[in-house]
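Undergrad: the following comprises the amino acid sequence and a computationally predicted model.
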Amino acid sequence: MSYKALYRKYRPKTFSDVVGQEHITETLKQELASGKIFHAYLFTGTRGTGKTSCAKILAKAVNCLNLQQGDPCCECDSCKAIDGGEVMDIVEIDAASNNSVDNIRELREQVNFTPAAAKYRVYIIDEVHMLTISAFNALLKTLEEPPAHVIFILATTEVHKLPSTILSRCQRFDFKRIDADKICSRIKYIADKEGFTITDAAAQMIAAAADGGMRDALSTLDLCVGADRNIDEQTVAKVCGMAGNEYLLKTADFILGGDIDGALMLTDEIYADSVDMLRFVNELITHYRNLMIIKTVRSQKKPIICSPAHLKACEEQAAKYDIKEIMSILRILQDALPRLQTGNRRTEVELMLVNLCSPQLREDAYSLEKRISQLEKALSDGNTAVNSDTSSVQSAKPVIPKVNRSTTAADAPVPNEDYEDIPPIEDEYAPEPEDA
């Protein structure tokens, strides 16, 4: 028997098993328990948040013979047949590859046939935003007034691309990004079931990389289990091609201290470890975003996904930074992303780090303000020599030569004999003598 991926093996079977979407699952359970079934549903949200899973559960629930407070029982013949993929009345359509008007016309002809084995014929159309305008127009009438035995469930990650005429004909449910703590709990639950270990820091690292998507988190977990059944932060960083928290803290310290040599040598080490440079910059952006949150958010609980130990390290580092400098660095990192897509990534990262470590090379308002402040402070302190990033001021105060008024003609310098006598210059503005 072939290996089954963790996200497929632990796909929820009932609404109660769905993690992080209680605002949706509870509503659907109440509607089903009261017998309220709509003819068209729209599930929208980011990838890996449970849209397709909830669509399959809903298709099973409307055909369940022994509904349990809105949840499918998973024990009746209908539930078992649907779980086994034996029911032809549950039709899944990938709109990315079946997006033409001819595909929708074929669907319109099929909906007229009554279900073969189930109570309802359910059409799950995934990535529905990929349909063409003609296909949407062909679907409109059927979607508005389908036969009584037909239910449509549309799923999309880009709801803004759907025509308003489609939106108005569906009951819409918006799936949220799943909370990092809930993803961590699910990861630990699966680890316990599968018989491998994972540290809290590693689970937090996977949850942060997943960006609210449970499927992405479980796919990453699958990769880590293949490398080592005792998963820690180093395992996650190595498997996913991530720089890791230690590298990020070191890089930020080098930038703060203006240590170009240290920053470039560390980048060389990261590059040798096969860390993708684009991902490294994205991780740096996340790191400085965390520093910005620490500096600005006064609430005890901050919107940062990381382990308590790493959060403490970030707080210590944030105390050394000025908020204006953090924002300046974030802008430079963001500006570097488009160039990384087309140029030599390693070179672009090295150029970016030299720029970050050298305020005199930056042209943003904060860097200019900082350099001016340094010069003003040096001038006010009266330093005889100021070594700044932009210039070397030899004297903070102007030196005016003293003139000795008692100098006599004998003390005057002897003219050079090589020069001819030069007549005195007449002052054309001298006053004319008065008449006697």
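TA: Looks like it arrived, so ask away.
Undergrad: spell out the secondary structure type for residue 123.
TA: strand (DSSP: H, G, I helix; E, B strand; the rest coil).
Undergrad: let me fix that, I meant to ask about residue 97.
TA: Following three-state DSSP, we place residue 97 in the coil state.
Undergrad: distance of it relative to residue 336?
TA: For residue 97, the distance to residue 336 (Cβ to Cβ, to the nearest Å) stands at 36 Å. (C-beta placed from N, C-alpha, C; glycine too.)
Undergrad: going along the chain, name the strands of this structure.
TA: With DSSP state E as the criterion, the chain has strands at 40-44, 90-94, 121-126, 150-156, 171-174, 197-198, 230-231, 386-387, 392-393.
Undergrad: for those strands, which has the smallest mean pLDDT value?
TA: Lowest mean pLDDT within those: strand 392-393, a mean of 39.
Undergrad: run through the stretch 1-150 of the chain and note the low-pLDDT ranges.
TA: Applying pLDDT under 70 to the stretch 1-150 of the chain flags residues 1.
Undergrad: when residue 97 and residue 336 are compared, which one has more neighbours?
TA: residue 336 (23 against 10; other Cβ atoms under 10 Å).
Undergrad: return the residues in contact with that one.
TA: Contact analysis of residue 336 by Cβ atoms under 8 Å, 6 or more residues apart in numbering lists 281, 348-349, 352.
Undergrad: any chance of the strands of the chain in a markdown table, plus distance to residue 294 and mean neighbour count?
TA: A markdown table is the format used below for the strands of the chain (distance: least, Cβ to Cβ, whole Å; neighbours: other Cβ atoms under 10 Å):
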| stretch | distance to residue 294 | mean neighbour count |
| --- | --- | --- |
| strand 40-44 | 33 | 22 |
| strand 90-94 | 43 | 18 |
| strand 121-126 | 40 | 24 |
| strand 150-156 | 36 | 24 |
| strand 171-174 | 30 | 15 |
| strand 197-198 | 26 | 19 |
| strand 230-231 | 27 | 18 |
| strand 386-387 | 32 | 13 |
| strand 392-393 | 36 | 12 |
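Undergrad: can I get those strands in JSON lines including distance to residue 267?
TA: Formatted as JSON lines, those follow (distance: least, Cβ to Cβ, whole Å):
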{"stretch": "strand 40-44", "distance to residue 267": "40"}
{"stretch": "strand 90-94", "distance to residue 267": "41"}
{"stretch": "strand 121-126", "distance to residue 267": "41"}
{"stretch": "strand 150-156", "distance to residue 267": "40"}
{"stretch": "strand 171-174", "distance to residue 267": "41"}
{"stretch": "strand 197-198", "distance to residue 267": "29"}
{"stretch": "strand 230-231", "distance to residue 267": "27"}
{"stretch": "strand 386-387", "distance to residue 267": "27"}
{"stretch": "strand 392-393", "distance to residue 267": "30"}
